[in-house]
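>>> This is a predicted model, with the sequence first.
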Amino acid sequence: MLFVILAPLLCAAVAFGVPSNRRRPIALLAGALAHGGGVAALLRSAAPPARGDWLGLDALSTLTLLTTTTLFLAAAVYAQGYLSRRSDRDNRVFVGGLLVLLGAMTVVALSRHLGLTWVAMEAATLATAPLIYFNQNARSLEAAWKYLLIGSLGIALALLGTFFLALSGAAPGGPRSLLVDDLIAAGPSLSRPWVRAAFVFLLVGYGTKMGLAPLHSWKPDAYGEAPGLLGALLAGGLTNFAFLAIVRVFQVTRAAGEDAFARDALVGLGLFSIALAAVFVVGQKDFKRMLAYSSVEHMGILALGLGLGGVAAAGAFFHAMNNGLTKGVVFLSAGNIHRAFGSKTTDDVRGAARVLPISGPLFLAGFLAVTGSPPFAPFFSEFAILNGAFGEGRFLVGALLLAFLAVIFVGMGTTVLAVVQGDPPGNAAGVPLSRENWLMAAPPLVLMVLVLLLGLFLPQRLRDLFGAAAGLVGGGW
Amino acid sequence: MSSLVELAFILVVVIDLFLLASSRLGAAIRTVAIQGALLATLPLLLLTDAHDLGHALVLALGALAVKGIVVPRMMFSAIREASIRREMEPIVGFVPSMVLGAIGVALAFAFSSRLPLPRGEMHPFLVPTALSTVWAGLLLVVSRKKAVNQVLGFLVLENGVFVFGLLLSDFMPLMVEAGVLLDLFAAVFVMGIVMFHINREFSSLDTEKLSALRD
């Protein structure tokens, strides 16, 4: 189990040591492959976590690890093409930082100790900030500054929440521990007011990392200015782990008998995020910022699904996987379009389908998937969440969700169609600044095929995993 | 002994309010350093039989070194390099922000008297001091424009979290020590400020200038 954590970190150390800018990205690929292999071996061998272990593999960690290792592998292949195009920039920090990020995310996935989770989230935040600054201009500096400032506030509040939770079990004879299993076992004996306060602070803290509205303000800037590759890993990877941390806290809150309150908070924040995304997506000219708001929307859907419980919870875990893979498709193809046109607004970008015969159509297909159109997998997970909402008799929640999703579909559609269709602007005349090559076009294509396959045929084992993960928070198919 | 502890807590809160009202950066940094040093004494002042002396010493010395010396020094060298002196126009004025801070202190006392601690009290002032310091820090971060001031706000927020952590220091010392990792952020921030400067794409460290990205 330690292998999947140490392998990326080791590769990061190698990446920092390698002097050649051209060879260094290979470390990224090596780290991704080692991590993928490690996860596969882990899935085959791991026993369910025992009480008292700091690291363990349950259904939740299995799902997040599977998504992330797939996404990271795709991103690592993409990076080979991308970084060779950007040979003007020193990529030492970029490659090393990505690998540290992978290591930190893996710790969050496996951690059964809320203190360890917090340390890993902080490490992930610190590792990401310099990556946003990769382009080294004023705009990326601004984005990195905002990300770091808002992220650090979130992390500080999450630490305070973690302390609250530790205190809730501090009564004589209490668990006096931050192990999730100990806290759940102690359940009703935890001090309820402190559990409630802890949930609020942890939801705000990790919700900031996840990018739930109104704590999302770093997102459009960071995703807009960072390379598409990093956007994919943040929107499809890191945010999923912040969600995982919230799920762990929710498990404890539920065991303490405060789940009604927590569910209301999750549903409220979730709906607010989706509504806010609907407002900002409409008329958004910058297609990378548009994707950021789409990420806010999907984080809202995840929070909503968790809050609703039942079938919706299983749908939320299905959706977390779909969101991770689909975000890979849209961010990587958007990155290719950005490189080819040298711009990311619909003022300058037109006719991407003609200039980039693979990435252009992929961006369109990715948009259809991300907005939940059949037959792609996100349709089925969003359908499960809607189903859960109506099944529980939450008609207003379901109706609002449907309405916001429709607005977002139309809003994103306008921007995406403007990018993909039409004739390329005159000066480009079909000659892109940089042509797509297979290294940069194939990874999003493969992810897209995966998203399609998950929609057409969901393997029973995966379905059971979603059910088992939902079972941890009192839901299931 | 107990009156000393009381004095320390009251001083921490007074420093919060002073920071909310101060416009000179140099004085503010020095005050945050004093607050950090003050916090470093708390693990020793609050020492009980349940504590492990080694951990308490580590915590005290660590806090003194990081919060009292290293981070303030970095801040000083950063403002010297960037040659900035004072906050001219905060988003929320000095007097209103001080009033807000005072309201926060009152609320923190009210809140903590209604939230019973699940274990024996360490000191009745501990929780309200922690919460009002967190509140003052948050206020500073959102109401100031200068990057240096925002970092100072973050330091104050972090100090508040540290005070709260003392409540757990007898049975979870490692976790409390891990909280000092938050200072890593502060260090990175200061590096960021120096980078602004090297970058020279901004003529001053006014985060108002960081507003090209918006909808």
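Looks like it arrived, so ask away. On a predicted model such as this, the values are computed, not experimentally measured, just so you know.
>>> quick one: the strands in chain B?
Along chain B, no segments are classed as strands by DSSP state E.
>>> Pass me the low-pLDDT residue ranges in the chain, would you?
Just so you know, I chose chain A. Across chain A, the ranges flagged by pLDDT under 70 are A:426-434.
>>> wrong one, I was asking about chain B
B:1, B:84-89, B:120-121, B:191, B:194-212, B:214.
>>> and the gap between the residue nearest in space to the middle of it and chain A?
Closest residue to the average C-alpha location of chain B: B:Val156 at 1.4 Å, with C-alpha atoms, centre = their mean. Note on B:Val156: its distance to chain A, by C-beta to the nearest C-beta, to the nearest Å, is 11 Å. All C-beta spots, glycine's among them, are computed from the backbone N, C-alpha and C.
>>> B:Val99 now?
Separation of B:Val99 from chain A (C-beta to the nearest C-beta): 22 Å.
>>> burial count for that residue?
By the criterion of other C-beta atoms under 10 Å in any protein chain shown, B:Val99 has 15 neighbours.
>>> where's the residue lying closest to B:Leu45 once chain neighbours are set aside relative to B:Leu166, distance?
Of all residues not flanking B:Leu45 in the chain, B:Val5 sits nearest, at 4.9 Å (C-beta to C-beta, 6 or more residues apart in numbering or on different chains). Distance, B:Val5 to B:Leu166, using C-beta to C-beta, to the nearest Å: 11 Å.
>>> Check A:Gly300 too.
Per C-beta to C-beta, A:Gly300 is found 37 Å from B:Leu166.
>>> The two: which is more packed in?
A:Gly300 (29 against 22).
>>> Now that the more buried one has come up, it's in contact with A:Ala278, right?
No - with contact defined as C-beta atoms under 8 Å, A:Gly300 and A:Ala278 do not form a contacting pair (9.8 Å).
>>> now the helices for chain B?
B:2-21, B:25-45, B:53-63, B:71-82, B:94-114, B:126-143, B:147-165, B:173-178, B:182-199 (DSSP state H).
>>> between those, which one is nearest to A:Phe363?
Of all the helices of chain B, helix B:182-199 sits nearest to A:Phe363, with 32.6 Å by C-beta to C-beta.
>>> Pull the distance from the helix or strand hosting A:Val93 to the chain's centre.
Element membership for A:Val93 (DSSP states H and E) is helix A:92-110. Offset of helix A:92-110 from its chain centre (C-alpha atoms, centre = their mean, to the nearest Å): 14 Å.
>>> Which other helices and strands does the helix or strand following that helix contact?
Proceeding N to C from helix A:92-110, the next assigned helix or strand is helix A:114-132, under DSSP H and E. Under the contact criterion of 3 or more C-beta pairs under 8 Å, 6 or more residues apart in numbering or on different chains; DSSP states H and E, helix A:114-132 touches helix A:92-110, helix A:138-168, helix A:192-210, helix A:228-233, helix A:239-255, helix B:173-178, helix B:182-199.
>>> which non-adjacent residue is nearest residue 165?
I went with chain A, as the question did not name one. Nearest residue to A:Leu165 in three dimensions, chain neighbours excluded: A:Ala198, at 4.0 Å (C-beta to C-beta, 6+ apart).
>>> my bad, the chain I had in mind was chain B
Nearest residue to B:Gly165, sequence neighbours excluded (C-beta to C-beta, 6+ apart): B:Val176, at 4.1 Å.
>>> how near is the one you found to B:Leu166?
Separation of B:Val176 from B:Leu166 (C-beta to C-beta): 7 Å.
>>> Next: A:Pro444.
Computed with C-beta to C-beta, the distance linking A:Pro444 and B:Leu166 is 50 Å.
>>> for A:Pro8, same thing?
Taking C-beta to C-beta, one finds A:Pro8 at 35 Å from B:Leu166.
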